[in-house]
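In: Pasting a predicted model and its sequence here:
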Amino acid sequence: MSNTKTPPKKGKPESRYRATLNLPTTGFPMKANLVQNEPASIKRWQKMGLYAKLRDLGKDRPRFTFHDGPPYANGSIHLGHVLNKTLKDLVVRSRTMMGFDTPFVPGWDCHGLPIEHRVVSDLVESGKIDKIKSLDDDARKSAIRNECKKYAEKQVKLQAGELERLMTLADYAEPYLTMAPSFEGAALDALAALVEQGLVFRALKPVHWSIANETALAEAELEYQDREDLSVYVDFEAADAAAVYAAFGIDEAARAERDLGQTPSFMIWTTTPWTLPANLAIAVNTRFEYSLVQVDGNVTVLATELLERVTKTATADRVEVLATAKGGALAGLRYRHPFITEAPTPLGDPDADTSTCYTVVEAEYVTLEDGTGLVHTAPGHGADDFQTGKRVGLPVYCPCATTERTTPPSPTGSAASTSGPPTSRSPSGSARAGTFTTTTGSPTATRTTGAARLL
């Protein structure tokens, strides 16, 4: 065995450049230690009145005001709040450091279905709802409003504390609340000013509608789900057969020569047959080519590119293209509704001009992805339809009550989302509805009929 000792390793020589560097120093610790530092920092800010001090320092500076879009006062904050409030805090603080006076008043939306749903659920679980139900109508509404107010106040305090724990800086001691009388009064003053200037009017438009709650819904309150739905192909008979043939370049002599005595129809396809009672127009695209086609003895109009797909779906035995024309040639042609014989009476406007109803119109949203290239248009049941109707002067018509039940002249009493067109009339009748049906997948918005409402 050797007694030779291993010589110690030489230490790493100190860099000769270290003494030449001017390194910054900081009082911040190397570790965050949030468990200890977060509550201590918040307590220190509150004790020193940091927000008030910053406002006082900036009183003579130019002002930068960031208006806080209020979240619902409902439940604890989530990642959406974290992102939203952190970004707002970043913007406001950066402007403070740039020399601006930066008031930032947080707010909460204290009205709406989320709060009402939660309050009613809590009342049911606690058994308090039975006592409220025994009250008269006015007292019952007042009691529920008071419960909603107390719940909202509690949630504001909860969320304000959680937002402070994100180390955001705002006037959490004096937030604005939409249920505060001062806020409601200011909103009424602003509305009154708009009314006095003639900027407020009342009219119909389609809105997302909650059937259960009988109230309008915001887009964010909708949840879409895919489901298998019944779709229908429907023939709308032309009001002037000669005009339709002429649009395709077939005059009376040619009709007689080719023995075309049938009245043509316009074939549409829809996944929402319950909106057919509200149909006021059929939309075509001027860029597409359309065919006048004879299908098993019936003459109808549909997009040339979709002809094979539609006739195959209909299991047609004999198909003959009689003529073709661009969509622009069809605009202005008139048709008859398949099963509504009375003129529509728009809600709230019985004297509305209905002379433009049941006309073929032009619209760019018509595509060749599905259907027939002719789109059933109901201005009272959809945003695109509404804009088209507004452009061509159609009334906004919606034969649906707030409970989703249909009203005259449509088939009454049934749920609008499940009622469809009646079956075909006799061959000599004035229209052929429900020519054939298919089943298709479609995204469906829950809790809404999408119907027009006077709000």
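Out: Right, received. Where do you want to start? Residues are numbered from 1 along each chain as shown.
In: When you work out contacts or count neighbours from here on, use the C-alpha atoms and nothing else.
Out: OK.
In: quick one: buried residues of stretch 304-321?
Out: For stretch 304-321, the buried set under the neighbour-count rule, 16 or more other C-alpha atoms under 10 Å, comprises Thr304, Glu305, Leu306, Leu307, Val310, Val319.
In: Check stretch 44-57 too.
Out: Using 16+ other C-alpha under 10 Å as the test for burial, stretch 44-57 gives Tyr51, Arg55.
In: tell me how far the ends of that stretch are from each other?
Out: Using C-alpha to C-alpha, to the nearest Å, the end-to-end distance of stretch 44-57 comes to 18 Å.
In: Residues contacting it, please?
Out: Asp101, Thr102, Pro103, Leu169, Ala170, Asp171 (C-alpha atoms under 8 Å, 6 or more residues apart in numbering).
In: On the three-state scheme, Val361 is what?
Out: The three-state label given to Val361 by DSSP: H, G, I helix; E, B strand; the rest coil is strand.
In: Where does the prediction get shaky in this structure?
Out: 1-14, 343, 346-350, 401-455 (pLDDT under 70).
In: Map the structural domains onto the sequence of it.
Out: Domain segmentation of the chain under automatic domain parsing yields 46-201, 220-454.
In: Which residues does Lys205 form beta bridges with?
Out: Listed beta-bridge partners, Lys205: Arg453 (assigned using DSSP bridges).
In: I'd say it and Phe386 touch.
Out: Yes - using C-alpha atoms under 8 Å, Lys205 is in contact with Phe386, at 7.0 Å.
In: what do the two both touch?
Out: Gly380, Val396.
In: sorry, back to before: now render the domains of the chain as CSV, adding distance to Val35.
Out: Formatted as CSV, the domains of the chain follow (distance: least, C-alpha to C-alpha, whole Å):
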stretch, distance to Val35
domain 46-201, 11
domain 220-454, 35
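In: Need the winner for burial among those domains.
Out: Across the domains of the chain, averaging neighbours per residue (mean count of other C-alpha atoms under 10 Å) puts domain 220-454 on top, at a mean of 19.
In: Return the distance of that domain from the chain's centre.
Out: Distance of domain 220-454 from its chain centroid, counting by C-alpha atoms, centre = their mean, to the nearest Å, is 24 Å.
In: Could you identify the longest helix within this protein?
Out: Ranked by number of residues, the top helix in the chain under DSSP state H is helix 137-164.
In: how about the strands of the stretch 1-150 of the chain, start to end?
Out: 107-108 (DSSP state E, counting those that start in this stretch).
In: quick revisit: which of the contacts of stretch 44-57 lies closest to Asp89?
Out: Nearest to Asp89 among these, counting by C-alpha to C-alpha, is Leu169 at 6.7 Å.
In: just to revisit the earlier point, farthest pair within the buried residues of stretch 304-321?
Out: Pairwise distances across the buried residues of stretch 304-321 peak at 14.3 Å for Glu305 and Val319 (criterion: C-alpha to C-alpha).
In: and Tyr207, how many residues sit next to it?
Out: Check again: residue 207 is Val, not Tyr. By the other C-alpha atoms under 10 Å criterion, the neighbourhood of Val207 contains 23 residues.
In: Dihedrals phi and psi, Thr215?
Out: Phi and psi for Thr215, reported as degrees, to the nearest 10, are phi -150, psi 160.
In: Then Trp269?
Out: Residue torsions, per degrees, to the nearest 10, at Trp269 are phi -130, psi 130.
In: I figured it was touching Glu369, is that so?
Out: No - the pair Trp269 / Glu369 is not scored as a contact, 11.8 Å apart, by C-alpha under 8 Å.
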